[in-house]
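Q: Sequence and predicted structure, then a few things I'm wondering about:
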Amino acid sequence: MTCSYALYGNACRGRRQTSGKFAKCGDKVFKDGSQGLSRREVAMGEKKNALFTTAVVAAIILIFTVADFFRGDRLYSETENRLLAVRPVASRESIFSGEFAKDYETYVTDQFVGRDKWIGIKTRMDILLQKKEINGVYLGSDGYLIEQHLPEDYSELLVAKRTALLQKLVEQWDATVMLVPTADNILTDKMPANAPYYDQAELLEMIAEQVGDSHYVDVYGSLRAHAEEEIYYRTDHHWTSLGAYYGYLAWAENRGEDPFAYRLNAMAVASEDFLGTLHSKTNLDRKGDTIRYFASTEKRPITVTYDFQRETDTFYEESYLETKNQYGFFLDDNHAFIQIDTSYRNGKTLFVIKDSYANSMIPLLTPHYQRIYVVDLRYYNGRLSALMKQMEPEEGMDVLVLYNCIHFLEEFSYTE
Amino acid sequence: MFLFRFLPIFFLIYFLVPGRGKNVILFLGSLIFYAWGEPVYIVLMLFSTVVDYVNGRLIGRFRGRAQAKFFLVLSVVINLFILCFFKYADFLIQTVINLTGASLPLLNLPLPIGISFYTFQTMSYTIDVYRGKAKMQKSILDFGVYVTMFPQLIAGPIVKYSSVEENLHNRKIDMVGISRGVKRFVAGLAKKALLANTIGELWAMITAMEFGSISAFTAWMGIFAFAFQIYFDFSGYSDMAIGLGEIMGFHFPENFNYPYIASSITEFWRRWHISLGSWFREYVYIPLGGNRKGVLRQLLNILIVWTLTGIWHGAGWNFLFWGLWFAFLLMIEKLFLGKVLNRLPKGIGILYNAAAVLFGWVLFALETPVEIGGYLRAMFRFGSNLIDSQGLYLFGEYFILFAIALIASTPLPGRIIGRLEKSETGWGIALYRLGEKVVPALLLLLCTAVIVDATFNPFLYFRF
């Protein structure tokens, strides 16, 4: 029997003396300090270990080097949402300027076999090291992904510019302003500790002062009060239909309207595996979100006309539920202009100027108007006032500006 | 790219080619390696090689006569001229412009990679041959190998000719040495990719902020991040170089010895970038008289050596002041502070060293007086902005990395591994054997993940 020490290819040091004997090491031992194993055996043992270590490392390097040669090049990465580098062309100038070497390096890295898995490993390492933000998305508690908006990105000048444009609409059209704060401002206890965010409460207070209380819908307060509920999606930057409902209640209060009796416990489920924009940015394994909506918005027949062309009888496009962009379910994703004719013949018309946040809220307005016009300024290239004058009926119309705060600061602009 | 194309192909060919051919492969491989990053100025490196090869032979031929000294001086002058021209010309021109207001055109020369390293290496050759410390090298191939060897070409260690003279034509390649080299290489790669690059991201974030609005806490955190980044970056590169050399049978000198546990600046510079300090000591400090010509002369020698050390790191006033800062501390340590520190507990020495080195890094890392001033003000803004939520947030994201970096910069992990290796218990040995096989592979995989994920892979000592 050999002692456990010698077993692993080491020389018995002969130093473990227990009362003058090396009791543990069996017949291979020594009393006078001579080696338990012969020097050759020791060397062989060390050599075997060295060989193993080297072989493992070499194998890893060789496997990936060779694998790269067998795999063809990918053109596009879905996870990274960009085109991948292609093999650069070698020319005299590109080699001498060093461009070729740089481009080749990028090419090898971009086309590395299993690139997505490697990025996944790195992401998991980052999370272990307590990184709280990936690609502009905060890793909140309770499974929430929250889009990051940093204060330094929104200057006072920008705010002033947008507010001035908004003010014009308020003055000319008596517009109602509904600006929805993003999740980082409402779900504050789900945010990582001390994480920086752009404080929209201040912005909204300032805007409320500017446009006047009668024109300002306090969505912030309404959402704040229900912050514990699922008012934002966990994997997407939009608010849920429940959040839109609370926004709708705030709107009704501002307009002095009686809110329609939508039943929260009777919401229809459109999908249970919605993985939204924030999931695409972070690529972590997440459970899908549930998309709910108020089927009673379609209790009475409606007609929706997209871009003066396509007519349909529903707000909700089921075909999107098969794609990645499931939020497009609401009002067929993005259109420059939408006209909605409801069965509530009260002669009232609404003109909405909006971003994608409005898509899940507008159906809730159905019982209040006979006709609703919706324009998305990102896609409408004409002059806004001309369009509005054209659409305005004799009796006049209500005007609603409905954006989330960040989109408002980033995108709100129109040609008069 | 280097890891998954150059290395496997190079070593495959290297180990297949017998005997003398290995030097040919090493030389050609190194040229390809260098040309890949520096396609134009490879000519300069070859020029320096040929010049000093010829000078070396001539010095050897005229040994003991006046001509030998002439060729030595010629070699030094040519090397220094190349170095100064490409590295310092614009700095000097800019200084003249600032002083006289003349409008001179800047040359805008790109700095050839590794020029500070290979010129110092070739100079060490001619000087050693002149002194008789080394025999002149008859084979231009072998000499070329010495100068251009890719492991240490870009970032050192600065290998004196005498220390690898033997290895050039006589190297033992055995499995145990190779595996040691492999482990060393992977350790260096891990230091660079897993520690330096990641904590460097924190420093990059902080330097992008307005220094006027960051808290003192954030500022200190930032300079600590830089201190760790530059240490792991540079010592990681040295480890990779030493490891690769060991695989081929070369024994390069150690370049770092846990500098952050030093308890005096004198000790720090015996642990940081050892090969540079050693080069300056042997070829400048001692020839100037070292400490053998009285205290006053010694102080002057220190001043000269450290001025040179400072500007070796970069063509800029901040680098000069960085060197002078250490010159100042070394002088007062020689005069009285050293003895005082010896009598105080080690902890105080370590704190003193840390403060001095961190202050030095602010000078080193931020190059303009405006930035340096702003950052220092931020660091000492204890009254108005000691700590803020931004600092806490960043700390929350990086404290684990800091802890790992701190432990990794001490000899502790090395000692634990060493004790496991020599352990006399069965499980200790088993753990070591298992670790020896698994850890390098694991680290390599993690490094690959980091490298594939990032296109951001800076090396801080690149201006050499």
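A: Everything's here; your move.

Q: how many other residues sit next to residue 202?
A: No chain in the question, so chain A it is. Look at A:Glu202: counted by other Cβ atoms under 10 Å in any protein chain shown, it has 10 neighbours. Quick note: C-beta positions are derived from backbone N, CA and C, even for glycine.

Q: oops, I was thinking of chain B
A: Using other Cβ under 10 Å, B:Leu202 has 23 neighbouring residues.

Q: So it is in contact with B:Phe395, correct?
A: No - in this structure B:Leu202 lies outside contact range of B:Phe395 using Cβ atoms under 8 Å: 9.6 Å.

Q: Please enumerate the shared neighbours of the two.
A: Counting by Cβ atoms under 8 Å, 6 or more residues apart in numbering or on different chains, the common neighbours of B:Leu202 and B:Phe395 are B:Met221.

Q: Against B:Ser238, how distant is B:Gly310?
A: Using Cβ to Cβ, to the nearest Å, one obtains 20 Å as the distance from B:Gly310 to B:Ser238.

Q: Neighbour count for these two, which is higher?
A: More crowded of B:Gly310 and B:Ser238, by other Cβ under 10 Å: B:Ser238, with 27 against 24.

Q: Okay, strands next: where are they in the stretch 51-200 of chain A?
A: Counting by DSSP state E, counting those that start in this stretch, one finds strands in the stretch 51-200 of chain A at the ranges A:76-77, A:82-83, A:133-134, A:137-139, A:145-147, A:176-180.

Q: Quick check: neighbours of the third one in the sheet, parallel or antiparallel?
A: This points to strand A:133-134. strand A:137-139 (antiparallel) (DSSP bridges).

Q: before we move on, what about the fifth one?
A: According to DSSP bridges, strand A:145-147 forms sheet pairs with strand A:137-139 (antiparallel).

Q: mind checking how far the strand it pairs with is from the chain centre?
A: Centroid separation for strand A:137-139 versus its chain: 8 Å, with Cα atoms, centre = their mean, to the nearest Å.

Q: Not counting it itself, show me its contacts.
A: By Cβ under 8 Å, 6+ apart, the residues outside strand A:137-139 that reach it are A:127, A:131-133, A:145-148, A:184, A:191-192, A:195, A:278, A:281-282, A:284.

Q: of all of the stretch 51-200 of chain B, which residue lies closest to chain A?
A: Taking Cβ to the nearest Cβ as the measure, the point where the stretch 51-200 of chain B comes nearest chain A is B:Ser179, at 3.4 Å.

Q: Quick check: closest non-adjacent residue to that residue.
A: Here the nearest residue to B:Ser179 in space, its sequence neighbours aside, is A:Ala50; by Cβ to Cβ, 6 or more residues apart in numbering or on different chains that works out to 3.4 Å.

Q: Quick check: that neighbour touching B:Ile178?
A: Yes - under the criterion of Cβ under 8 Å, A:Ala50 makes contact with B:Ile178 at 6.8 Å.

Q: which residues in the stretch 151-300 of chain B form helices?
A: B:161-169, B:175-190, B:197-207, B:216-248, B:265-271, B:274-280, B:295-312 (DSSP state H, counting those that start in this stretch).

Q: Tell me which of those sits most buried.
A: Highest mean neighbour count of these: helix B:216-248, a mean of 24 (counted as mean count of other Cβ atoms under 10 Å in any protein chain shown).

Q: tell me the angle it makes with helix B:161-169.
A: Angle between the axes of helix B:216-248 and helix B:161-169 is 40 degrees (criterion: axes from the mean of the first three to the mean of the last three Cα atoms, to 10 degrees).

Q: Rounded mean pLDDT for helix B:216-248, please.
A: The pLDDT scores in helix B:216-248 average 93.

Q: by how many degrees do it and helix B:175-190 diverge?
A: Going by the same axes, to 10 degrees, helix B:216-248 is angled at 160 degrees with respect to helix B:175-190.

Q: so what secondary structure elements neighbour helix B:216-248?
A: Judged by 3 or more Cβ pairs under 8 Å, 6 or more residues apart in numbering or on different chains; DSSP states H and E, helix B:216-248 is in contact with helix B:150-153, helix B:175-190, helix B:197-207, helix B:346-365, helix B:369-379, helix B:389-408.

Q: Including distance to B:Val452 and mean pLDDT, could those go into CSV?
A: Formatted as CSV, the helices and strands packed on helix B:216-248 follow (distance: least, Cβ to Cβ, whole Å; pLDDT from 0 to 100):
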stretch, distance to B:Val452, mean pLDDT
helix B:150-153, 23, 86
helix B:175-190, 14, 91
helix B:197-207, 13, 92
helix B:346-365, 28, 93
helix B:369-379, 33, 90
helix B:389-408, 20, 92
